[in-house]
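J.: no sequence on this one, just coordinates:
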Ligand SMILES: CC(C)=CCC/C(C)=C/CC/C(C)=C/COP(=O)(O)OP(=O)(O)O
């Protein structure tokens with residue numbers, strides 16, 4: 001009785017241990033953001049009635065493929081992650097799970113997610129998810145150790161999920177306005193990761209990653225690149241209105257939000273310090289949910 005009790009307790013400990021490892025390998029918070037952008041893409045591509053079952057299937061499939069991509073990223077990055085303070089406690093560098101076990105988790109969850117998208121959304125969405133996994137795990141991940149162009153490739157990876165969501169529901173009419181959210185995400189992600197790489201420059205250098213901040217210790221080049229990104233984002237609100245994706249309210253809100261972000265970046269351009277970079281980084285964390293909420297709130301359903 002007592003022995004049975006302890007073996008049940010240890011079985012539940014083992015389960016909890018692996019569940020936590022899968023959670024961390026999947027970068028659950030990042031995957032949740034990816035799902036939110038894919039769900040937003042789905043809603044934006046829908047008519048006046050959103051198919052809730054289709055939305056749930058698309059979000060679940062995206063979550064599973066993103067979890068797989070994030071796990072493979074950590075399998076390939078294990079040696080470098082072990083050298084960085086930010087990542088050394090992850091399941092693989094800390095030895096809490098073996099690379100083979102992690103690779104098996106990635107393969108099964110990725111295959112299941114792609115199959116779900118193929119069966120319950122469409123082949124276009126499934127193909128986009130699988131290609132994005134390949135781009136992230138097999139192109140972006142090794143590129144991080146070679147050249148700072150990796151951040152631009154990673155931004156494409158981040159921009160695909162809303163397109164995936166949009167095409168899952170509106171594959172037959174791929175339109176210009178389906179590019180608004182992916183484009184905003186592309187430029188947002190560039191700003192977000194460049195600010196992070198500047199703030200954690202020493203850690204990235206120790207890990208052997210070639211971010212833009214590696215060649216730009218003063219932060220001056222990073223600051224100008226961030227400013228350029230903001231300028232590219234400024235017309236997006238107006239385009240969303242002109243192309244019939246949203247009402248005019250969104251162009252007003254998006255212009256306000258992007259102007260706010262641009263002011264944060266300008267203060268980083270004038271004074272490239274950790275303090276101004278951190279302020280801009282936190283501003284970018286508020287910017288994206290606010291922009292997506294505005295898009296959904298003011299969307300004009302497809303006819
Ligand atoms: C459907 C599908 C496959 C979606 C994938 C979406 C996805 C994983 C987006 C994240 C993009 C990205 C550049 C993350 C940073 O990785 P990093 O390696 O720089 O982060 P790290 O240093 O924290 O490991």
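T.: Here it is on my side, so go on. All of these numbers come straight from a predicted model, not from anything done at the bench.

J.: how about the residues of this structure near the ligand?
T.: By Cβ under 6 Å from any ligand atom, the part of the chain that sits against the ligand consists of 30, 34, 62, 65-66, 69-70, 73, 77, 129, 132-133, 136, 140, 154, 157-158, 161. C-beta: built from backbone N, CA, C; applies to glycine.

J.: of those residues, which belong to strands?
T.: When DSSP state E is applied, the residues of the chain next to the ligand are split such that none fall in strands.

J.: three-state assignment of residue 209?
T.: Three-state assignment for residue 209 (DSSP: H, G, I helix; E, B strand; the rest coil): coil.

J.: so who does it touch?
T.: With contact set as Cβ atoms under 8 Å, 6 or more residues apart in numbering, residue 209 has these partners: 80, 144-145, 197.

J.: can you tell me which of the residues of the chain next to the ligand are buried?
T.: Buried by 16 or more other Cβ atoms under 10 Å: 34, 62, 65-66, 69-70, 73, 77, 129, 132-133, 136, 140, 154, 157-158, 161, out of those.

J.: surely residue 158 meets residue 183?
T.: No - counting by Cβ atoms under 8 Å, residue 158 does not reach residue 183; the two are 11.4 Å apart.

J.: in this protein, what residue is nearest the ligand?
T.: residue 154 (2.8 Å; Cβ to the nearest ligand atom).

J.: if you drop the residues flanking it in sequence, what lies closest to that residue?
T.: residue 140 (4.9 Å; Cβ to Cβ, 6 or more residues apart in numbering).

J.: that neighbour: what's it in contact with?
T.: 73, 150, 153-154, 157.

J.: among those, name the ones in helices.
T.: 73, 150, 153-154, 157 (DSSP state H).

J.: now for the residues you listed, which pair is the farthest apart?
T.: Across these, no pair lies farther apart than 73 and 153, at 12.6 Å, counting by Cβ to Cβ.

J.: one step back: tell me the contacts of the residue of the chain closest to the ligand?
T.: 136, 140, 189, 193.
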